[in-house]
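> coordinates for the following, if possible.
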Amino acid sequence: KLEEFLNFKQLKTSLKEAILLDYYTAGFCWAKDMNFSLIQLSGFMDLLNFLLENLSDKHMTLGDNLKELGKAMAGIGETDSERSGDLNFFSVEQAKAVIDYLNISLFKHYKLYDYLFHSPREELVISNK
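Numbers count the residues shown, from 1 in each chain. Modelled structure (predicted):
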């Protein structure tokens with residue numbers, strides 16, 4: 001279903017599409033295992049997409065993308081509505097878990113994702129088996 005939603009047409013021959021499908025699928029499964037509500041699951045997937053687009057489209061550095069994550073997470077757990085961000089439907093504990101997940105899934109492998117998006121490579125596909 002994610003393949004259709006992401007509109008991947010060359011999954012069997014595109015390493016990039018296969019990696020991105022794996023990234024989103026792993027994130028979705030992790031969020032489901034965390035028993036996130038539908039709105040939390042949607043917000044988490046938006047966050048995954050946002051951070052990956054910062055890297056792929058804006059070619060953001062790791063430091064800048066971490067700052068963006070900080071802005072997105074700002075105010076979680078605070079009662080002052082002016083300080084709460086877009087992700088205020090997460091509890092403090094859930095937000096910590098999200099940050100831990102992003103650390104091991106995206107930020108730890110940031111150079112690899114950067115290479116995926118910004119390094120030219122020749123893709124020689126002999127077969128789709």
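> relative to S91, how far out is L48?
19 Å (C-beta to C-beta, to the nearest Å). Bear in mind the C-beta positions are built from the backbone N, C-alpha and C, glycine included.
> tell me which of the two has more neighbours.
Remark: of L48 and S91, L48 carries more neighbours, 22 against 12, as counted by other C-beta atoms under 10 Å.
> my guess is that one contacts A26, does it?
No: L48 lies out of contact with A26 (C-beta atoms under 8 Å); the separation is 9.5 Å.
> helix or strand for G70, which one?
If you go by DSSP states H and E, G70 is part of helix 62-73.
> same for that helix, what does it pack against?
helix 38-56, helix 92-105 (3 or more C-beta pairs under 8 Å, 6 or more residues apart in numbering; DSSP states H and E).
> output these in JSON lines, with distance to S14 and mean pLDDT appended to each entry.
Output for the helices and strands packed on helix 62-73, formatted as JSON lines (distance: least, C-beta to C-beta, whole Å; pLDDT from 0 to 100):
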{"stretch": "helix 38-56", "distance to S14": "14", "mean pLDDT": "94"}
{"stretch": "helix 92-105", "distance to S14": "21", "mean pLDDT": "94"}
